[in-house]
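# Sharing a sequence plus its predicted fold:
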Amino acid sequence: MPLPATSIDKLSDHSGAYVICVTCARCQHQREMDPRSLANILGWNTTLKQACTRLRCSQCQARQIKVEIAFNRKPRGWKSNPS
Ligand SMILES: [Zn+2]
């Protein structure tokens, strides 16, 4: 089960060993982000909440996104990278 975004305070929590699951509230597009990619831009001391304000849907550019956290496994139904 994915956890709510509030499970993470700073990006450095859990040594960055988690996955940020972003779902667009408008078009339902889903993507998965590595906290490292955010930390490279904003720094590891940035809170996840702050980082989320910078995120937008990569498909329709909407800012209405839902953020969840997953550890070591992808949430059921995840189709970001079909192979
Ligand atoms: Zn979207």
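Nice, thanks for sending it over. These numbers were taken from a predicted model, which means no experiment stands behind them.
# for this protein, which spans come out with low pLDDT?
Along the chain, the model assigns pLDDT under 70 to residues 72-83.
# Contact distance from the ion - what residues of it qualify?
24, 26, 27, 29, 57, 59, 60, 62 (CB under 5 Å from the ion). The C-beta positions use only the backbone N, C-alpha and C, and glycine is treated the same way.
# quick one, phi psi at the fifth one?
The phi and psi torsions at residue 57 (degrees, to the nearest 10) take the values phi -60, psi 130.
# Quick check: beta-bridge partners of the nearest residue to it once chain neighbours are set aside?
Counting by CB to CB, 6 or more residues apart in numbering, the nearest residue to residue 57 once its immediate chain neighbours are dropped is residue 24, at 3.8 Å. Beta bridges link residue 24 to residue 65 when assigned by DSSP bridges.
# tell me, how many neighbours does residue 24 end up with?
Residue 24 has 21 neighbours, counted by other CB atoms under 10 Å.
# That one: what's it in contact with?
Shown in contact with residue 24 (CB atoms under 8 Å, 6 or more residues apart in numbering): 30, 57, 59, 60, 62, 64, 65, 66.
# ok, now which ones touch the nearest residue to residue 66 once chain neighbours are set aside?
Closest residue to residue 66 apart from its sequence neighbours, by CB to CB, 6+ apart: residue 23 at 4.5 Å. If a contact means CB under 8 Å, 6+ apart, then residue 23 has 29, 30, 65, 66, 67, 68 as its contacts.
# CSV please, covering those residues and showing neighbour count.
CSV is the format used below for these (neighbours: other CB atoms under 10 Å):
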residue, neighbour count
29, 16
30, 20
65, 18
66, 15
67, 19
68, 17
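# Which of the residues you listed sits closest to residue 48?
Closest approach between the contacts of residue 23 and residue 48, by CB to CB: residue 67, at 7.4 Å.
# about what we covered before: of all the contacts of residue 24, which comes closest to residue 1?
residue 66 (14.5 Å).
# Now do that closest one against the ion, distance only.
11 Å (CB to the ion, to the nearest Å).
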